[in-house]
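**Q** quick one, structure for this:
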Amino acid sequence: MKGESFNRITVDAAALAANYYALTERAGDIPLMAMVKGDGYGHGMVYAARAFAGAGCHRFGVAELCEGVELRRAGIEGMILITTCFGNEDASFFYDFDLTPVISTSAQAALLEAEGAARKDELEVHLKVNTGMGRLGLWPEEVESFAAGLAEFPHLKIAGVMSHFPEADIPGSPSTAEALMKFKKVAAGLKERYGVIRHIANSGALFNHPEAYCDMIRVGIALYGCHPAGLAHDGLVPAMRFSSRIIQVKDFPAGSAISYGRTFITEKPTRIAVIPVGYEDGLNRHLSNGGEVLTGGRRVQICGRICMNISMLDVSDMEVKVGDEVVLLGRQGEECISADEVAKVLDTISYEVLCIYGHANKHFSSAE
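**A** From the prediction side, this is the model:
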């Protein structure tokens with residue numbers, strides 16, 4: 001279509017659904033919550049949620065209240081868990097949109113109770129316990145008294161208790177065993193008194209720690225086709241593809257400088273292809289003079305410094321032309337550039353690569 005960007009993120013709904021089915025089978029009878037925060041890990045929050053819903057998912061997790069509201073307005077049904085924070089003026093949204101807050105402070109509880117009292121309505125809440133992550137949550141020894149205090153709030157119902165592992169992607173991690181012991185001890189009393197849903201397992205725990213499954217598993221990165229530890233896994237299908245097009249091909253003599261800083265000097269006659277992709281599009285400058293992309297079904301090297309909107313490729317000894325596809329993430333022919341491969345070069349994780357590519361490139365399309 002005329003006027004569209006050459007740079008495109010394609011998300012395959014069938015791959016998302018396939019991952020959900022595969023992980024559901026692995027989890028057995030334990031239900032999954034699909035984490036779609038971070039704009040669906042860069043895949044488009046609403047698009048991903050619809051794909052998971054179509055595969056049978058009825059539980060969704062996000063970080064911020066505004067994400068939950070957006071999902072409801074897009075027609076997503078079932079439980080939507082808001083896992084981080086909300087403002088003093090935001091309590092009404094939980095009632096208006098049937099959203100479930102995670103709380104760990106008395107101030108949060110008081111705001112929600114006041115709104116419920118005004119409406120004469122009840123709201124289910126989940127409690128967050130810090131068992132070693134060092135982020136949000138009550139200390140384990142605070143949970144009993146906190147829950148007792150909530151019992152005095154007639155418009156709030158304790159429906160769940162959760163925590164989070166810092167090292168569940170590591171098999172046999174001592175910190176995981178310690179956190180799980182703390183969590184199960186705290187959750188046992190709440191389960192007995194309130195019938196709560198207990199959930200602590202994430203993607204890493206799904207693969208490595210079946211003893212942590214409890215009553216629900218919150219899965220994130222694995223739903224999008226990446227193993228949480230960056231390992232190859234036959235049961236997961238990467239759902240994101242990042243592609244562009246060649247906009248110029250030019251032959252340079254030996255001794256030619258390419259891009260800012262003259263960090264790449266051709267040692268021999270070199271054919272350079274230019275693509276309209278740069279750090280604005282999430283292509284990290286640390287991939288300069290070494291990162292690889294695909295064109296013509298072959299790996300080619302990025303040469304010279306990556307610019308804001310432009311990058312150069314060494315396509316010597318190749319027959320390429322303006323308009324040819326370039327793949328920065330995903331498969332072309334028999335070759336594939338994975339998010340884990342890019343992450344390894346950048347000394348980061350696949351989560352960050354997917355989020356950055358997805359957030360920077362708003363020209364989404366679904367795979368046919």
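**Q** so who does Ala13 touch?
**A** Going by C-beta atoms under 8 Å, 6 or more residues apart in numbering, Ala13 touches Tyr47, Arg50, Ala51, Gly54, Ala239, Ser366, Ala367. C-betas here are computed from N, CA, C, even on glycine.
**Q** so what's the backbone phi/psi at it?
**A** In terms of degrees, to the nearest 10, the main-chain angles of Ala13 are phi -60, psi -30.
**Q** what pLDDT does the model give it?
**A** pLDDT for Ala13: 95.
**Q** likewise Lys120?
**A** Looking at Lys120, its pLDDT is 97.
**Q** measure the nearest residue to it once chain neighbours are set aside to Ala117 for me?
**A** In space, and not counting its chain neighbours, Lys120 is closest to His155: 7.8 Å by C-beta to C-beta, 6 or more residues apart in numbering. From His155 across to Ala117, the span is 5 Å (C-beta to C-beta, to the nearest Å).
**Q** contacts only, for the residue nearest the centre of the chain.
**A** Nearest residue to the geometric centre of the chain (C-alpha atoms, centre = their mean): Tyr41, 2.6 Å. Contact partners of Tyr41, counting by C-beta under 8 Å, 6+ apart, are Met35, Ala48, Gly220, Ile221, Leu223, Tyr224, Tyr351, Leu354, Cys355, Gly358.
**Q** re earlier: residue contacts, the residue nearest to Lys120?
**A** Residues near His155 by C-beta under 8 Å, 6+ apart: Leu112, Glu113, Glu115, Gly116, Ala117, Arg119, Lys120, Asp121, Glu122, Leu123.
**Q** again, but for Lys182
**A** Val129, Thr131, Gly132, Pro140, Ser163.
**Q** figure out how far the host helix or strand of it is from the centre of its chain.
**A** Using DSSP states H and E, Lys182 sits in helix 174-194. Offset of helix 174-194 from its chain centre (C-alpha atoms, centre = their mean, to the nearest Å): 26 Å.
**Q** then stretch 230-250?
**A** That offset, for stretch 230-250, works out to 16 Å (C-alpha atoms, centre = their mean).
**Q** which parts of that stretch are buried?
**A** Neighbour-count burial for stretch 230-250, counted by 16 or more other C-beta atoms under 10 Å, picks out 230, 236-246, 249.
**Q** ok, stretch 268-277 next?
**A** Within stretch 268-277, the residues scored as buried using 16+ other C-beta under 10 Å are Thr270, Arg271, Ile272, Ala273, Val274, Ile275, Pro276, Val277.
**Q** contacts for that stretch, please.
**A** Stretch 268-277 has contacts (C-beta under 8 Å, 6+ apart) with 5-7, 244-254, 256, 258, 283, 293, 295, 300, 303, 309-318, 320, 324, 326, 328.
**Q** can I have the buried ones of those residues as a ChimeraX selection?
**A** Here is the ChimeraX command that selects only those of these that count as buried (16+ other C-beta under 10 Å):
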select :6,7,244,245,246,249,252,256,258,283,293,295,300,303,310,311,312,313,314,315,316,320,324,326,328
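**Q** which residue ranges make up the domains of the chain?
**A** 13-224, 240-337 (automatic domain parsing).
**Q** distance to Ala343 added to those, as CSV?
**A** Below are the domains of the chain laid out as CSV (distance: least, C-beta to C-beta, whole Å):
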stretch, distance to Ala343
domain 13-224, 11
domain 240-337, 10
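**Q** least confident secondary structure element in this protein?
**A** Least confident helix or strand, the chain: strand 364-366 with a mean of 67, by mean pLDDT, DSSP states H and E.
**Q** what sits against the residue lying closest to Gly323 once chain neighbours are set aside?
**A** Of all residues not flanking Gly323 in the chain, Arg245 sits nearest, at 5.7 Å (C-beta to C-beta, 6+ apart). Arg245 sits next to Phe6, Ile275, Pro276, Val322, Gly323, Asp324, Glu325, Val326 when contact means C-beta under 8 Å, 6+ apart.
**Q** hmm, back to that, how close does the residue nearest to Lys120 get to Leu81?
**A** Applying C-beta to C-beta, the value for His155 to Leu81 is 19 Å.
**Q** and Ile302, by the same measure?
**A** Distance, Ile302 to Leu81, by C-beta to C-beta: 40 Å.
**Q** rewinding a little: flag whichever of the buried residues of stretch 230-250 scores worst on pLDDT.
**A** Among the buried residues of stretch 230-250, Gly230 has the lowest pLDDT, at 88.
**Q** please enumerate the strands of the stretch 101-250 of the chain.
**A** Using DSSP state E, counting those that start in this stretch, the strands assigned to the stretch 101-250 of the chain run over residues 123-128, 156-162, 197-199, 217-219, 240-245, 248-252.
**Q** run through the bridge partners of Glu124.
**A** Under DSSP bridges, the beta-bridge partners of Glu124 are Lys157.
**Q** wait, it touches Asp98, no?
**A** No. Assessed by C-beta atoms under 8 Å, Glu124 is found out of contact with Asp98, at 9.4 Å.
**Q** which one of these two is surrounded by more residues?
**A** For Glu124 versus Asp98, neighbours defined as other C-beta atoms under 10 Å are more numerous around Glu124 (18 against 15).
**Q** ok, the more buried one to Ile197 distance?
**A** From Glu124 across to Ile197, the span is 10 Å (C-beta to C-beta).
**Q** try Phe252
**A** Distance, Phe252 to Ile197, by C-beta to C-beta: 62 Å.
**Q** then Ala273?
**A** 53 Å.
**Q** kindly report the same for Ser145.
**A** 21 Å.
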